[in-house]
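Enquirer: Sequence and predicted model, in that order:
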Amino acid sequence: MKFLEFSQNNQKYISLLLPFKTIDSNSKVLIYGENPLGYQREPEPNHYNKIKKYILETKNFILPTSIVLAVDDNEIKKVLNRESNILEFNDSKKGIEHKILRIVDGQHRIIAMREAIKSKPELENFLFNVIILIVKPESRSVEMEIFYDINSKGKRLKVDLIELARFNYRIIEKRLNERELNEHIAIQTAYFLNEKIEKSVWSNAIKFGIHDEQTIGIIGVNAFRESIFGVVDAYVKINDNSRYLDLKGEDLILYSKEAALRIADFLHIV
């Protein structure tokens, strides 16, 4: 497909039309907790089912807003032909590890279309306008920040996980010191207590979603983080101080998650 390249304040983009089957075969969404660099929540069935219903029940449905994707600059070169000004994607189904595009905005539309195609296979050729962010592997946090900008200012979606994701990207980009890592573990602990541990006394008690239309809770996440920082610091020093200081990148991300889960389990029992 022919494309247009442009820049905004040194950020490079590609704009083009792609059939749904090409988008779906070559893209994936990074879910927080499932991927070390995940920054999005799991898709909400109510959301994508409403879109699916609209697609199937509306004769001349339209989905005019752009799907926003991201790709590493070294990966886009594999499918970019500048001589003919064409991107040449492979539409065959492939494992998620081989999908070079990452969905920044539009995952619910993509899931809805995927579900609708089960009833109307011809929809696989439905054209979407697509904007692709070109990012450097060492500066991937830019796509997370663009996701945050789109969702916090435009749609008022729940984006509380972005604070956790920011720490992970700073770990990858080597911009996190020891104290900041402990703060990250404290915030992850709050997240697990608030949302992931069943029957936790802290369930929905910590105010995480500052951009939610209705924020519930009895304590802000920053105040909670400060209140348990001593516990986190003691845990790290007693249990893993010599180990975690040698970890880097994704290994350090996984360590911080494991530490937060253990501390959350301890605070839940207490």
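Expert: Looks like it came in fine.

Enquirer: how many neighbours does residue 174 have?
Expert: 10 (other CB atoms under 10 Å). Quick note: C-beta positions are derived from backbone N, CA and C, even for glycine.

Enquirer: For my notes, confirm it occurs in a helix.
Expert: No - per DSSP: H, G, I helix; E, B strand; the rest coil, residue 174 lies outside any helix segment and is coil.

Enquirer: So for the longest helix along the chain, mean pLDDT?
Expert: If you go by DSSP state H, the chain has its longest helix at helix 249-269. Averaged across helix 249-269, pLDDT comes to 87.

Enquirer: quick check, distance from that helix to the centre of its chain.
Expert: With CA atoms, centre = their mean, to the nearest Å as the basis, helix 249-269 stands 20 Å off its chain's centre.

Enquirer: Also stretch 6-20?
Expert: The answer for stretch 6-20 is 19 Å, by CA atoms, centre = their mean.

Enquirer: Any chance you could list what contacts that stretch?
Expert: By CB atoms under 8 Å, 6 or more residues apart in numbering, the residues outside stretch 6-20 that reach it are 1-5, 66-67, 73, 76, 87, 89, 91, 110, 113, 117, 123-134, 142.

Enquirer: And stretch 137-151, by the same measure?
Expert: 11, 37, 39-40, 68, 70, 72-74, 102, 104-105, 133, 135, 157, 159, 162, 165-166, 169-170, 172-173, 211.

Enquirer: low-confidence ranges in the chain?
Expert: The chain contains residues with pLDDT under 70 at 93-97, 153-160, 208-217, 240-243, 245, 269-270.

Enquirer: Which residue ranges of it form strands?
Expert: For the chain, the strands defined by DSSP state E occupy 3-8, 11-19, 27-28, 67-72, 80-81, 86-87, 101-105, 127-135, 206-207, 219-220.
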